[in-house]
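Q: structure of the sequence below:
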Amino acid sequence: MSGAFATHQGNCSAFKFRIPHCCKKDPVIRDLTSDAMPENKSDNCCTGGRLAAWGINPLKSFSSFEMTVGNLEGNTTGFSPLNLTLIAPGPGYTCSPVVDTDPSVSSVIGGQRQEQVFKTWKSTCTYSSYLANKTPVCCVSLSTFYNPTITSCPLCSCGCKETDQSSTLCISEGSSPSNSITNASLLQCTDHMCPLRIHWHIKNNYVDHWRVKLTISNYNYGKNYSDWNVLVQHPSFSQPSISYSFNSTVLPSGGASDEVALFWGIQNYNAELLQTDEKQVGSVTTEIVLGKDSDAFTLRNGWAFPRRIYFNGDNCMMPLPDTFPMLPNGSFRPNPQTGILLILVSLAYRIIRFLFETAI
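A: Numbering: from 1, shown residues only. So this is what the prediction gives:
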């Protein structure tokens, strides 16, 4: 093998001289890291099991490795892989059966020659946050400039604290975790008990644009998030938008009714979402300016809040619409006494003005 390795060699006792890299029929294969020895590498390999999102860095969104299969029985043309399973970065992936596809073609001699492989198979793996996690890993809270009410994450969004506080994997805000505790899943105790919270704050509303503040908070005491990303689904991303402290791009909607914007950190600035400590919660934040579609934009009925938010592909728990901060009641109905008073003041003003002009 080159560009990857099998985690177990298996029983290779049948081979006396050239011992194979692996003799198992169902090997688990892992990616090599970027510092692997040159003789062990292959083209487009060795990312340490980390692939960039296609929308962030297409050139680093794929990886490959090579292996030579020997000891095939008879005059075979090769067997397609069976029961392909993708386990990275964890459970949640389901892969389709392997099927024949057009043979892969590569360029050599500086692109002057095209070489075609003998056969290519293809399998498509899809990710489900519901399969990956029994409970959500993130939640969403909301606030606005026109309403002092803050809509918190739903209670117990990612689970609840146990009755016996000593058995919970959380500690109170302001406390410092014991040096003997190294559990990466140790959290700060909150009402939502989520490792991550995304907060959407409607900050300003102008004639031709509006401004939002997006904050991501990490409640883990033992885990940083490197190369994080957040997807926000909202119809207003069909209009021009600017993100000041995050990288961002609008992804193809794929026929969805709402646009999807992808946000991620700036290298050497906030690409790593740090863990929390006894002094403060680890967080990153940006302001977003969105253009207005005069035919669609409104602050009523929660239209300005996101439809869905995802952190690193995981679906975040949203508050229920009936808990959203609402516009204050702007209607004004003057009582009859106020109306009569306004009429009397107006008449008195006119009489005084008439008498003053006559005297002159």
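Q: so residue 59: helix, strand or coil?
A: Reducing the assignment at residue 59 to three states with DSSP: H, G, I helix; E, B strand; the rest coil gives helix.
Q: what residues are up against residue 199?
A: 140, 141, 142, 143, 213, 214, 215, 216, 217 (C-beta atoms under 8 Å, 6 or more residues apart in numbering). Quick note: C-beta positions are derived from backbone N, CA and C, even for glycine.
Q: beta-bridge partners for it, please?
A: According to DSSP bridges, the partner residues bridging residue 199 are residue 141, residue 215.
Q: quick one: it from residue 327, how far?
A: In this structure, residue 199 and residue 327 are 20 Å apart, going by C-beta to C-beta, to the nearest Å.
Q: ok, now residue 112?
A: Distance, residue 112 to residue 327, by C-beta to C-beta: 65 Å.
Q: between these two, which has more neighbouring residues?
A: More crowded of residue 112 and residue 327, by other C-beta atoms under 10 Å: residue 327, with 13 against 7.
Q: show the pLDDT at the more buried one.
A: Among the per-residue scores, residue 327 shows a pLDDT of 90.
Q: that one reaches residue 149, doesn't it?
A: No - between residue 327 and residue 149 there is no contact under C-beta atoms under 8 Å: 11.4 Å.
Q: strands of the stretch 101-250 of the chain, start to end?
A: If DSSP state E, counting those that start in this stretch is used as the criterion, the strands of the stretch 101-250 of the chain fall at 105-108, 113-116, 120-122, 125-127, 138-144, 170-171, 187-188, 196-205, 209-218, 225-226, 229-233, 241-243, 247-251.
Q: which of these sits closest to residue 78?
A: With distances scored as C-beta to C-beta, the stretch of the strands of the stretch 101-250 of the chain nearest to residue 78 is strand 120-122 (9.2 Å).
Q: strands paired with the closest one, and their directions?
A: Under the criterion DSSP bridges, strand 120-122 sits next to strand 99-101 (antiparallel) in its sheet.
Q: for the strand it pairs with, what is the distance to the chain centroid?
A: In terms of C-alpha atoms, centre = their mean, to the nearest Å, the centre of strand 99-101 is set 32 Å apart from its chain centre.
Q: can you offset everything so residue one is 234?
A: From this message on, residue numbering opens at 234, which makes the last subject strand 332-334.
Q: give me the most central residue, this structure.
A: residue 544 (2.4 Å; C-alpha atoms, centre = their mean).
Q: ok, and what's touching stretch 379-390?
A: Everything outside stretch 379-390 that qualifies as a contact, by C-beta under 8 Å, 6+ apart, is 369, 372-376, 423-427, 430, 435, 438, 532, 550-553, 556-561.
Q: show the buried residues in those residues.
A: For the contacts of stretch 379-390, burial is judged from neighbour counts taken by 16 or more other C-beta atoms under 10 Å, and it is met by 369, 372-376, 423, 425-427, 430, 435, 532, 550-552, 557-559.
Q: residue 242 contacts residue 260, correct?
A: No - contact criterion C-beta under 8 Å: residue 242 and residue 260 do not qualify, at 9.0 Å.
Q: looking at the two, which is more packed in?
A: Neighbours per residue (other C-beta under 10 Å) separate residue 242 from residue 260, with residue 260 holding more: 18 against 14.
Q: worst average pLDDT in the strands of the stretch 334-483 of the chain?
A: In terms of mean pLDDT, the lowest-scoring of these is strand 403-404 (a mean of 84).
Q: which outside residues touch that strand?
A: Where contact means C-beta under 8 Å, 6+ apart, the residues beyond strand 403-404 that reach it are 394, 410, 419, 420, 421, 422, 423, 426, 454.
Q: closest to residue 248 out of those residues?
A: The nearest member of the contacts of strand 403-404 to residue 248, counting by C-beta to C-beta, is residue 419 at 47.2 Å.
Q: now the spatially closest residue to that closest one that is not a sequence neighbour: phi and psi?
A: Nearest in space to residue 419, with sequence neighbours left out and distances taken as C-beta to C-beta, 6 or more residues apart in numbering, is residue 454 at 4.5 Å. Comment: the main-chain dihedrals of residue 454 come out as phi -90, psi -10, following degrees, to the nearest 10.
Q: number of nearby residues for residue 454?
A: Neighbour count for residue 454, taken as other C-beta under 10 Å: 25.
Q: so residue 250: helix, strand or coil?
A: Residue 250 carries the three-state label coil when classified by three-state DSSP.
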